[in-house]
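Asks: structural data only, the sequence is not supplied:
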């Protein structure tokens, strides 16, 4: 049985393979745990599915997915994570993600 479904509603974390709207079932992905160690504000942007609508209204995204929220806890946290991402070097991914591909013959 799936318990504790949560959704990440923060900026894309390319180096960790986590994007906006990433849903977690039965716990948080190890890549996100590593990101939370580096920026604790990320943990606050992982919310229960039931609260996702209220958080999205506070963040107030436009069609280009620009966050327009001016006030509130989640808008402040989103900007904190964006500022932290701006200080990170553009480097190779922090985790080793293997993709299985198939070839047509």
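Replies: On my side now, so go ahead. These figures come from a predicted structure and were not determined experimentally.
Asks: so which helix or strand takes in the residue lying closest to residue 41 once chain neighbours are set aside?
Replies: Counting by CB to CB, 6 or more residues apart in numbering, residue 80 is the residue found nearest to residue 41 once chain neighbours are left out, at 4.3 Å. For glycine as for every other residue, the C-beta is placed from the backbone atoms N, C-alpha and C. Using DSSP states H and E, residue 80 maps to helix 73-87.
Asks: again with residue 36
Replies: Taking DSSP H and E as the definition, residue 36 sits inside helix 30-38.
Asks: the helices in the protein, which residues?
Replies: 30-38, 41-44, 52-59, 73-87 (DSSP state H).
Asks: now for the shortest one, which elements pack on it?
Replies: Spelled out, it's helix 41-44. Helices and strands touching helix 41-44, by 3 or more CB pairs under 8 Å, 6 or more residues apart in numbering; DSSP states H and E, are helix 30-38, helix 73-87.
Asks: so who does the closest residue to residue 28 other than its chain neighbours touch?
Replies: Computed as CB to CB, 6+ apart, the closest residue to residue 28 that is not its neighbour in sequence is residue 46, at 6.6 Å. By CB atoms under 8 Å, 6 or more residues apart in numbering, the residues touching residue 46 are 6, 7, 8, 9, 24, 28, 32.
Asks: show me the beta-bridge partners of residue 46.
Replies: Applying DSSP bridges to residue 46 gives these bridge partners: residue 8.
Asks: what pLDDT does it get?
Replies: If you check residue 46, the pLDDT there is 92.
Asks: where does pLDDT dip in this structure?
Replies: 1-3, 90-105 (pLDDT under 70).
Asks: so what's the residue count around residue 34?
Replies: 15 (other CB atoms under 10 Å).
Asks: hmm, I typed the wrong one, I wanted residue 75.
Replies: 17.
Asks: name the nearest residue to it, ignoring sequence neighbours.
Replies: Using CB to CB, 6+ apart and skipping the chain neighbours, the partner closest in space to residue 75 is residue 69 (3.5 Å).
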